[in-house]
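Chemist: got a sequence here, can you model it:
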Amino acid sequence: MEQNNSKNVCDEAYNHAIKILENCSHSVGIKASAKINGYPQVWARDSMITLFGAVLTKNSKIIKSLKSSFDILKTK
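Modeler: Prediction:
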């Protein structure tokens, strides 16, 4: 029973993380925050750290934003 509960907690956390990444995804890249009063910029550090896990999601919206992050960073 406890193992099943742990799986539910992990699934819930994973789904919440995906929603956050989708909200941070933008045509210019992965933004540092999806909050209204957060950081609307694409930060190299945040984008590349996000890349480590987000690429495994195979979520097309997130992957497209990660590619845009690379594009904007390679122009700087």
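Chemist: excluding chain neighbours, what is closest to the residue nearest the centre of the chain?
Modeler: For the chain, the residue sitting closest to the mean C-alpha position, by CA atoms, centre = their mean, is L21 at 3.0 Å. Computed as CB to CB, 6 or more residues apart in numbering, the closest residue to L21 that is not its neighbour in sequence is I62, at 5.0 Å. To be clear about C-beta, it is placed using only N, CA and C from the backbone, and glycine gets the same treatment.
Chemist: check which helix or strand covers that neighbour.
Modeler: Here I62, judged by DSSP states H and E, is contained in helix 60-74.
Chemist: pLDDT of that helix, averaged?
Modeler: Mean per-residue pLDDT for helix 60-74: 92.
Chemist: report how many residues lie close to the residue nearest to L21.
Modeler: I62 has 20 neighbours, counted by other CB atoms under 10 Å.
Chemist: thought it was touching S25?
Modeler: Yes: using CB atoms under 8 Å, I62 makes contact with S25 at a distance of 5.4 Å.
Chemist: buried residues in the helix ranked longest in the chain?
Modeler: Identified as the longest helix of the chain according to DSSP state H is helix 2-24. Buried positions in helix 2-24, judged by neighbour count with 16 or more other CB atoms under 10 Å: 21, 24.
Chemist: and the contacts of that helix?
Modeler: 30-34, 50, 54, 57, 59, 61-62, 65 (CB atoms under 8 Å, 6 or more residues apart in numbering).
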